[in-house]
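A.B. asks: structure for the following, please:
(chains A, B, C and D)
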There are 2 protein chains.
Amino acid sequence: MKHPQVHPDTDQLKLTEVMAALSDPIRVGLVRLLSDDVERGWGELRAPVAKSTLSHHLKVLRAAGLTRTREEGTRCFVRLRRDDIATRFPHLLDAVLEAADNEDVGHQVGLVSDSVTA
Amino acid sequence: MKHPQVHPDTDQLKLTEVMAALSDPIRVGLVRLLSDDVERGWGELRAPVAKSTLSHHLKVLRAAGLTRTREEGTRCFVRLRRDDIATRFPHLLDAVLEAADNEDVGHQVGLVSDSVTA
DNA sequence: GGCGCAGTTCGACGTTCATAGAACACCGAA
DNA sequence: TTCGGTGTTCTATGAACGTCGAACTGCGCC
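C.D. replies: Now for the predicted structure:
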């Protein structure tokens, strides 16, 4: 981890960055996955991309202020910054999540515990 | 104009495309400008980019299904597809517009009739 | 017909992005 | 201290993007 991860303050979130972060299906899938406000470990996340690519996507989400990452030993945990986003952009995340559900955006993203055979 | 402009059907709008379209300040500015549901002519639009670039941005908005373009002789008019978007993605556009207002995203975009000295 | 205007398309350039693999840094355990 | 697991960073590559100027198309008008 080396460099401490940066998390923008709530009042620094930029709309265009948030929109850009949510313009990739995999990232939308990750946000959907985290929308139950449960903190998840890296290892729980299942996505059809290489490890480094997943790390990249999580970094984008973090930089956009959508998620917060916590380190514990060698592992990392992610959580959605729901309240912060709602404070800055009321109803935005809810609207996006609803739309993403209807369209099933990012369905390829899931938890390892989910039955992969589905 | 040559090739007839394509306007995706309401039920074909893709969330990620909409998000991508709204991840550029100029395009957000255009959407804000059109948010009063008034049809505007190309000539009314003022943006700090070249003519061809503006054409490109309007094409992106059109392709994402956010706007509808009508031709009349040699001129074109744009209108926001508010109802269509609201049908497909309820509350999404409202949330984005509210956030964009708070942040004044795309303030560089305006109408020629607006006092430029401001 | 010929001119000019309005808007699009094309070609080009530099930037950013998504992606992957390899190398690295870090921590915990043996 | 050495090893393996975990996550980041580096480097590279191909694609997409924003931008512009120039060339093109189509329409209206003189």
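
A.B. asks: for chain A, just list every one of the strands.
C.D. replies: For chain A, the strands defined by DSSP state E occupy A:40-41, A:45-46, A:67-72, A:75-80, A:110-111.

A.B. asks: residue contacts, the residue nearest to the spatial centre of chain A?
C.D. replies: Residue closest to the average C-alpha location in chain A (C-alpha atoms, centre = their mean): A:Val31, at 3.9 Å. Listed by C-beta atoms under 8 Å, 6 or more residues apart in numbering or on different chains, the contact set of A:Val31 reads A:22, A:61, A:66-67, A:80, A:93, A:96-97, A:100, A:106. All C-beta atoms are positioned from the backbone trio N, CA, C, and that covers glycine.

A.B. asks: for A:Arg40, see how far away it is.
C.D. replies: According to C-beta to C-beta, to the nearest Å, A:Val31 and A:Arg40 sit 12 Å apart.

A.B. asks: ditto for A:Gln5
C.D. replies: Applying C-beta to C-beta to A:Gln5 and A:Arg40 gives a distance of 16 Å.

A.B. asks: between the two, who's got more neighbours?
C.D. replies: Between A:Gln5 and A:Arg40, counted using other C-beta atoms under 10 Å in any protein chain shown, the more crowded position is A:Arg40 (18 against 15).

A.B. asks: beta-bridge partners for the residue nearest to the more buried one when sequence neighbours are not counted, please?
C.D. replies: Once flanking residues are discounted, A:Arg40 sits nearest to A:Val78: 5.5 Å by C-beta to C-beta, 6 or more residues apart in numbering or on different chains. Note on A:Val78: beta-bridge partners by DSSP bridges are A:Arg40, A:Thr69.

A.B. asks: so who does A:Leu30 touch?
C.D. replies: Going by C-beta under 8 Å, 6+ apart, A:Leu30 touches A:45, A:47, A:57-58, A:61, A:67, A:78, A:106, A:109.

A.B. asks: show me where pLDDT drops low in chain A?
C.D. replies: In the prediction, chain A carries residues with pLDDT under 70 at positions A:1-3, A:114-118.

A.B. asks: which residues touch stretch A:76-95?
C.D. replies: Defining contact as C-beta under 8 Å, 6+ apart, one finds that stretch A:76-95 is touched by A:1, A:10-11, A:13, A:15, A:18, A:30-31, A:34-35, A:37-42, A:45, A:58, A:65-71, B:89-92, B:94-96, B:98-99, B:102.

A.B. asks: filter those residues down to the buried ones and hand me the ChimeraX line.
C.D. replies: To isolate in ChimeraX the members of these that are buried, counting by 16 or more other C-beta atoms under 10 Å in any protein chain shown, one can use:
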select /A:13,15,18,30,31,34,35,40,45,58,65,66,67,68,69 /B:89,91,92,94,95,96,99
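
A.B. asks: what subset of the contacts of stretch A:76-95 is also close to DNA strand D?
C.D. replies: The residues of the contacts of stretch A:76-95 that also fall near DNA strand D, by C-beta under 7 Å from any atom of the strand, are A:1, A:41-42, A:58, A:69.

A.B. asks: good, we can wrap up now.
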